[in-house]
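Participant: The sequence and its predicted three-dimensional model are supplied below.
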Amino acid sequence: MNANETYKPMTNIALTGAGGQLGLFFRETLEKHRFNFRAFARDWDITSENKSLECIQNANFDVLINCAAFTDVEEAESRKQICFDVNADALDRLSKLCRRHGILLVHFSTDYVFDGKSRQPYLETAPAHPINVYGESKLRGEEMIRASGCPHLIFRLSWLFGGHHGGFPEKLEQWRQRSKILKISDDETSSPTYAGHIPPLVIRAIEKKLRGTYHLNSSGGCSRFEWASFYAKKAGWTEYDMQPTSMRSFQTKARRPHFSTMNNQRFQAESATTLPTWKEATIDYLHQKRPGQLGEC
Ligand SMILES: NC(=O)c1ccc[n+]([C@@H]2O[C@H](COP(=O)([O-])OP(=O)(O)OC[C@H]3O[C@@H](n4cnc5c(N)ncnc54)[C@H](OP(=O)(O)O)[C@@H]3O)[C@@H](O)[C@H]2O)c1
């Protein structure tokens, strides 16, 4: 979608989790296109039933875009309760409120609902079998929303990057400062998705009155190693040594799927949009970060 595209005047939007990576991009897009919206960060704790009731009853929202989530995959293993409170139980209450008040709930889930055993990019209809607590909690949240009967859009995202923390590319930059040799896993494959691409696509889906669950990720897939190598070349790095390794060597608390690339054809067909590839997503991120300073591939 063209950044200068004009949107139809629409609705009264509530945005939760507005201080997070994706939330900040939504805020920017909604402001830029002069949508009528209210952004909430921690001032709307989505786990508080009273607060959710108060926010929804006191305003006439048509759409609730929920970017609030517990997203620390490692921490989730030792803080299961709070992870489920935010990613599942809060969604149970929010979706029931949305149903009662006729509000469209827009929510984000993850490729980590899959176990990684497939060799084909996952379709929306593929069975979900999460292998870590974060993935379990996100799947539970999806199930709660569907069971509530509220009008909803659930977008599964993958390897989101590009916000204030920068995500994986920013980690690469930090690791490079600390060490001459970068060891990056080559047995973990998904689709790096630039968070700045998501809000216009979601707005398009709302305007086209889509409903249900969609995979909203960049096209194609790559390993972390391929992504890091591509990023380094495009960012113009010189004198670095990047080596492939297995994710087992990092001894993380949470297991991660070896393969979680998702098929995004349903979204592309129903929204009549072409989604960028993961390489285009990486380049767009670099352009936004340092305009005019890209290296050669
Ligand atoms: N990041 C990824 O790679 C990725 C991949 C696939 C899917 N997703 C999904 O995409 C969505 C957006 O992720 P993101 O990367 O933008 O995450 P993020 O940067 O961690 O943002 C989440 C926001 O939610 C807030 N939050 C946490 N608990 C809350 C609560 N009880 N009430 C209100 N706000 C709360 C956090 O605040 P604090 O910072 O104060 O805790 C943070 O600002 C999430 O649903 C996530 O599961 C992300």
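Facilitator: The structure has been received and is ready for your questions.
Participant: Look up phi and psi at Ser260.
Facilitator: For Ser260, the backbone dihedrals (degrees, to the nearest 10) come out as phi -140, psi 30.
Participant: Does it touch Lys117 like I think?
Facilitator: No: under the criterion of CB atoms under 8 Å, Ser260 makes no contact with Lys117, lying 10.3 Å away. (Glycine included, C-beta is placed from N, CA and C.)
Participant: Just confirm Leu182 is within a strand.
Facilitator: Yes: applying DSSP: H, G, I helix; E, B strand; the rest coil, one finds Leu182 inside a strand.
Participant: State the number of residues packed around it.
Facilitator: A total of 19 residues lie near Leu182 under the criterion other CB atoms under 10 Å.
Participant: for it, which residues make a bridge with it?
Facilitator: Beta-bridge pairing for Leu182 (DSSP bridges): Met242.
Participant: In contact with Leu104, which residues are there?
Facilitator: Leu104 makes contacts with 62-64, 98, 150-153, 206, as judged by CB atoms under 8 Å, 6 or more residues apart in numbering.
Participant: Restricted to helices, list those residues.
Facilitator: By the criterion of DSSP state H, membership of these in helices covers 98, 206.
Participant: out of the contacts of Leu104, which touch the ligand?
Facilitator: Within the set of the contacts of Leu104, contact with the ligand (CB under 6 Å from any ligand atom) is found for no member.
Participant: I'd like the contacts of Leu104 as CSV, with neighbour count appended.
Facilitator: What follows is those, written out as CSV (neighbours: other CB atoms under 10 Å):
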residue, neighbour count
Asp62, 16
Val63, 22
Leu64, 26
Cys98, 27
Cys150, 21
Pro151, 17
His152, 22
Leu153, 22
Ile206, 20
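Participant: more neighbours, Ser260 and Lys117?
Facilitator: Neighbour totals were compared for Ser260 and Lys117, and Ser260 leads with 26 against 10 (other CB under 10 Å).
Participant: ok, and the closest non-adjacent residue to the more buried one?
Facilitator: Taking CB to CB, 6 or more residues apart in numbering, and ignoring the residues beside it in sequence, Ser260 has Asp111 as its nearest neighbour in space, at 3.8 Å.
Participant: Then Leu97?
Facilitator: With CB to CB, 6+ apart as the criterion, Leu97 has its nearest non-adjacent residue at 5.1 Å, and that residue is Ile56.
Participant: Pull the contacting residues for that neighbour.
Facilitator: Counting by CB under 8 Å, 6+ apart, Ile56 makes contact with 14, 64, 97-98, 101, 103.
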